[in-house]
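Asker: Requesting a structural model of the entry that follows:
(chains A, B and C)
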Amino acid sequence: MIEILAKYNYWIVIILLCTGLYGIMAKQNLIKKIIALNVFQTSVLLFYVSMSKIEGGTAPILLNHGHGVQPLFDNPLPQVLMLTAIVVGISTTAVALSIVMLIYRQYGTIEEDQILELNKHND
Amino acid sequence: MEIIESARPVYAILVSLLAVVLISFSGKSPNLREMWTMLAALLKFGLVVSMLPTILAGKVIEYHVTRVLPGLDIAFRVDSLGMVLALTASFLWIITSVYAIGYMRSMDEHAQTRFFMCFAIALSSAMGVAFSANVFTLFVFYEIITVTTFALVAHEETPEAIKGARRYLAYLLGTSIFFFLPAMFLTYNYAGTLDFAGQGILAGKASYTIISIIFVLYIAGIAKAGMMPFHSWLPAAMVAPTPVSALLHAVAVVKVGVFTVIRILLFVFGVDLLSKIGLGTYLAYFASFTIITASIMALRQDNLKLRLAYSTISQLSYIILAVALLTPSGITSSMMHITIHAFGKITLFFVAGAIYVTTHKKNVSELNGIGRQMPFTMAAFTIGSFSMIAVPPFGGFISKWYLIMGTFEAKLIPILIVIVVSTLLNAAYFLPIVYAAFFKQPESGEVHGIKEAPALMVAPILITAAGVLVLFFASPLLLNLVKIAVASALGGIY
Amino acid sequence: MIKHLPALLIVIPLLVAIITPLIGRINRALSWYTATITTFISFVISLSLLKTVLEQGRISYWMSGWEPPWGIEYAIDYLNIFVLIIISFMAFVGAIYSKKNIDIEIDEEKKPFFYSVYLLFVTGIMGMTVTGDIFNIYVFLEITSLSSYALIALGKKRQALLAGFNYLIMGSIGATFFLLGIGYLYLMTGTLNIADLAVRLPEFYHTKAIFTAFTFLAVGLLMKLAVFPLHFWMPNAYAFAPSTISAVMAATGTKVAAYVLIRVMFTVFSLEFYAQAPFNIQYILLVLAVAAILAGSIMALAQTDIKKMLAYSSVGQIGYILLGITLMNTNGMIGSLIHLLNHALMKGTLFLVVGAVVYRTGLTSIENFRGLGKKMPFTMAAFTIAALSMTGVPLTVGFVSKWYLSVASIEIGMWWLVPIILLSSLLTAIYFWRIIDNVWFKPALGEEGLEHGHDNHRKPKSNDAPASMLIPTFTVAMLCLVFGVFAYGPVSLAEKAAMILLK
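Answerer: Here you go, the predicted structure:
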């Protein structure tokens, strides 16, 4: 039991992942969908960062120009990867928001069911 | 067997494709356009004839065009069997072109350029089928024929024509995709090759069950041969203009169908294999059923073209029946009947067209006394009918004679009864027309005196009718060619 | 210079994409030239890479000189050069074609941005293809996706916006799954280089983590590939995007996703993995493929809008590609790769034709195709050729792949797949027949009666698409025939690729 609880960070990943997915599926409001998408993506960030963490490790910065005893470092690579992923997430959000803005201008609403209703009348 | 590498079969195919291009550019000037058709037809026949001496000397001409995939080649091989079809089709193309020009102009048909283009492509493909060296090449040309003749059947563009054409396409494409293609695929899978070979390619490559399945798929897939139950495209296609019905549904399309059956039976399965499993006998009985049923249906048709169409279905099955006997005489009969039936049936269709152009009559019941008005035409009709019934001295007698010999060789006496019954039926649906035309009084108010169709139509009719007679008296010429094919199919024993 | 070609392939369109809006400031018309020239350069580079690969085998390029597995490696072998040629060619064709198309489908002031995003899209798909680093694939995947969301939303009808948004949601979920899968792989092996992963992974095959990794990667990619039942984003996206984009995306986007799937399934993982996986992965994927083939064809039958019909038909065609992959033998893989080529050419042609029809008539309903054979004979000839190829008629490229797929099915004893392939070909024939019938055999709407009657010989005026649309369309259509008759070249390349993948 304790063993399972000790991996709480991974549990949080799963909870965020599911929350995000649920939000994307269940919400009609496009902005809420985007928020859910962000939550969903954040779970992956957490996953990567927590796997790079080593117990007792510290930020990977060389001391004394690499001379002498070095402390234990965390793995820097996943963190760097996540910087990229964050950028990707932000770009996605930006594109999504701008599309939602256009949708609002065209339809006057950002509720998906109403938009679909309007499309039906227009076809 | 000596093999000669030559691209001549390719030229024979390409000639009419070249004509297609020229025809399409000269749509504005009908005379120029028709000149291209005639030129191509003559050139094609010349090329085919030029290969004849080589073939008669027992040699084979081969040409490999390209390899699509390993085991799937586009390649040509001219042998005596292919020669029979090629000679028949290319000769009759010349005649039909003359007739078609006469018919299309008299009827003032629309879209004549498209008509002559599709016609030329269909002929090219018929040559392609005749000269195919493997199942794949044959299949490709087989399909091209279907598509181009579709446009010809739908030529009138009336709802009725389009409906008929759709049915035509559905039957032919449907069966070839659902049965022929898988059959070819299975052949490739088991035999590892698709090249035709004298003794077949499937022997010893698969179990009898699988060979039987492939056999059934092939027979079902080649709907162009008009075997029941996949025959109803043929009557449906009779909505086409008469020259189309004549050439394509008496010669190019249906003859390509039975040719394919013969080719597949003899050169993919092989005589030995088929007689070992006994598949030939089944096929013979199956074909007999079609012969009798189609003849009975022909009796009931009042529309002349429809009656001829059912007669075709029945005659095609003669060819299949003959080859299914798997005896030397049977095979001889089937190959000869390709040519003999072609001449006879094309005459009959030509006559139907001539009657329609002159009097606008379509039905048998309206033909009383028409022999007085169109004596030459109806004389030709009589010759054609007699050949169908197999009265000497007309061509049909020769092939039926060999067929009867074949049944004795195969010791299938029930088949003999079928032949007798169907001959009687043939007489029953053809002779009344001849009788009515010459001996019954025309309806009152009809035009008296001779009023024939245009000369461009009557001349072809007389030529093909004469051909029927020539085929009887000069049958050894054809026989020599056929004998070589039979010998190669039976491994030299003949 | 020659040594750096793999990098230039990516860098040139990327840089040009950035400066295109600036060029557009000077003169809007210039942006078309820059896009066309850039895609042409990419195509030429791809050809020269093909030559190198054929002569020397695998190319390995180290980004900024860092040695793999630490640095990013661009690795080009028979598999990705095959895909690269297809996509760079179709991107070039799309660029030429777009000139007239976007005149009517995109607002004038948006043109430079359109080309900028188009080039980003091209950068993304080519990057995904050449890179040998799995995280790099993710990055390029997102570049591709983001630019395609924008391109779809540029469509003229307002439905395009929602189509783009839905694609964005689905695409992001897919990409995030893919990223999660990469995370698991990295967790177990500590490497991101594909070649290195292939070496290190086998010892972990039995672990649950690797199985989870595979599942995430596969689901993510299947979403990108629009495999039934994860295809929902696709029909609307293709239907409402500008025609050029529908064509280019259909011809390249799904192809690249399929490529990545093949790469992940057979280079990163290997046949050994599937043998010991807790579920029969092959069986599951096979069911998906068959369902896609049938469902795609059936849904296509029900459509009245041609763009939607083509999109659903893509669902079916993607099923074929997946089928070849899951058969897991050489012939199946050849069939799948040839079908990639096929589908790029055929679907490319079909969407290009639709674009031309929209240019002339402004409509996309199937009913509207009546009588077009006389008005746009060459365009409709191209359509007919592509439709024949879709059906799998011999001597078209469509026949070749179906032949290989059938051979492969029999080889592994799944003969029942052959009737399914046949049935779907028949359905394809039916839904294309409706259009071809309209095109060649029915008079145009409102012109019934004019055609009948024998002396009525007046030909409707031929008003074919402008040359800048017609020539690309017709070229691609002719390639369907060329590769159908001379299939040997692509097949031998695909065979080499398949041998390496399934060694």
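
Asker: any weak-confidence spans in the chain?
Answerer: Just so you know, I chose chain A. Scanning chain A for pLDDT under 70 picks out A:1, A:122-123.

Asker: that answer is for a different chain, and I need it for chain B
Answerer: Chain B contains residues with pLDDT under 70 at B:1, B:443-448, B:492-494.

Asker: From C:Ile137, how far out is C:Ser270?
Answerer: Distance from C:Ser270 to C:Ile137, counting by CB to CB, to the nearest Å: 18 Å. Yep, even glycine has a C-beta here, placed from its N, CA and C like the rest.

Asker: Any idea how many residues pack against residue 29?
Answerer: Since you didn't name a chain, this refers to chain A. Using other CB atoms under 10 Å in any protein chain shown, A:Asn29 is surrounded by 16 other residues.

Asker: try again with chain B
Answerer: Residues lying near B:Ser29 (other CB under 10 Å) number 10.

Asker: separation between it and chain C?
Answerer: Going from B:Ser29 to chain C by CB to the nearest CB, to the nearest Å gives 14 Å.

Asker: all strands of the chain, in order?
Answerer: No chain specified, so I'll use chain A. In chain A, no strands are defined using DSSP state E.

Asker: my bad, the chain I had in mind was chain C
Answerer: C:59-62, C:73-76.

Asker: picking that back up, so for C:Ser270 and C:Ile137, which sits in the more crowded spot?
Answerer: Between C:Ser270 and C:Ile137, C:Ile137 has the larger neighbour count (other CB under 10 Å), namely 24 against 17.

Asker: residues in contact with the more buried one?
Answerer: Each residue near C:Ile137 by CB atoms under 8 Å, 6 or more residues apart in numbering or on different chains is listed here: C:Met128, C:Thr131, C:Val260, C:Arg263.

Asker: Kindly report the same for B:Phe131.
Answerer: B:Pro9, B:Ala12, B:Ile13, B:Phe76, B:Arg77, B:Val78, B:Gly82, B:Ala86.

Asker: Does anything pack onto the helix or strand hosting the second one? Which helices or strands?
Answerer: So the one you mean is B:Ala12. Element membership for B:Ala12, per DSSP states H and E: helix B:8-25. Counting contacts by 3 or more CB pairs under 8 Å, 6 or more residues apart in numbering or on different chains; DSSP states H and E, helix B:8-25 packs against helix B:30-56, strand B:60-69, strand B:72-78, helix B:112-131.

Asker: List the buried residues in the top helix by length along chain A.
Answerer: Determined from DSSP state H, the single longest helix within chain A is helix A:76-107. Neighbour-count burial for helix A:76-107 flags A:77-79, A:81-82, A:85, A:88-89, A:92-93, A:95-96, A:99-100, A:102-103, A:106-107 (criterion: 16 or more other CB atoms under 10 Å in any protein chain shown).

Asker: Please name every helix or strand in contact with that helix.
Answerer: Where contact means 3+ CB pairs under 8 Å, 6+ apart, helix A:76-107 is packed against helix A:30-52, helix A:112-122, helix C:134-153, helix C:159-189.

Asker: between these, which gets nearest to B:Leu43?
Answerer: Distance to B:Leu43, taken as CB to CB, is lowest for helix C:134-153 among the helices and strands packed on helix A:76-107, at 54.7 Å.

Asker: can I get the CA coordinates of stretch B:334-351 in PDB?
Answerer: C-alpha atoms of stretch B:334-351 as PDB (Å, rounded to 0.1, in the frame of the first residue of the first chain):
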ATOM      1  CA  SER B 334     -15.200 -25.300 -81.100                       C
ATOM      2  CA  MET B 335     -12.500 -23.400 -82.800                       C
ATOM      3  CA  MET B 336     -14.100 -23.600 -86.200                       C
ATOM      4  CA  HIS B 337     -17.400 -22.500 -84.900                       C
ATOM      5  CA  ILE B 338     -15.800 -19.300 -83.700                       C
ATOM      6  CA  THR B 339     -15.300 -18.200 -87.300                       C
ATOM      7  CA  ILE B 340     -18.300 -19.900 -88.800                       C
ATOM      8  CA  HIS B 341     -20.800 -18.600 -86.300                       C
ATOM      9  CA  ALA B 342     -19.300 -15.200 -86.600                       C
ATOM     10  CA  PHE B 343     -20.000 -15.000 -90.300                       C
ATOM     11  CA  GLY B 344     -23.500 -16.400 -90.000                       C
ATOM     12  CA  LYS B 345     -24.600 -14.300 -87.100                       C
ATOM     13  CA  ILE B 346     -23.100 -11.100 -88.400                       C
ATOM     14  CA  THR B 347     -25.100 -11.600 -91.600                       C
ATOM     15  CA  LEU B 348     -28.200 -12.000 -89.600                       C
ATOM     16  CA  PHE B 349     -27.600  -8.900 -87.600                       C
ATOM     17  CA  PHE B 350     -26.700  -6.900 -90.700                       C
ATOM     18  CA  VAL B 351     -30.000  -7.900 -92.200                       C
END
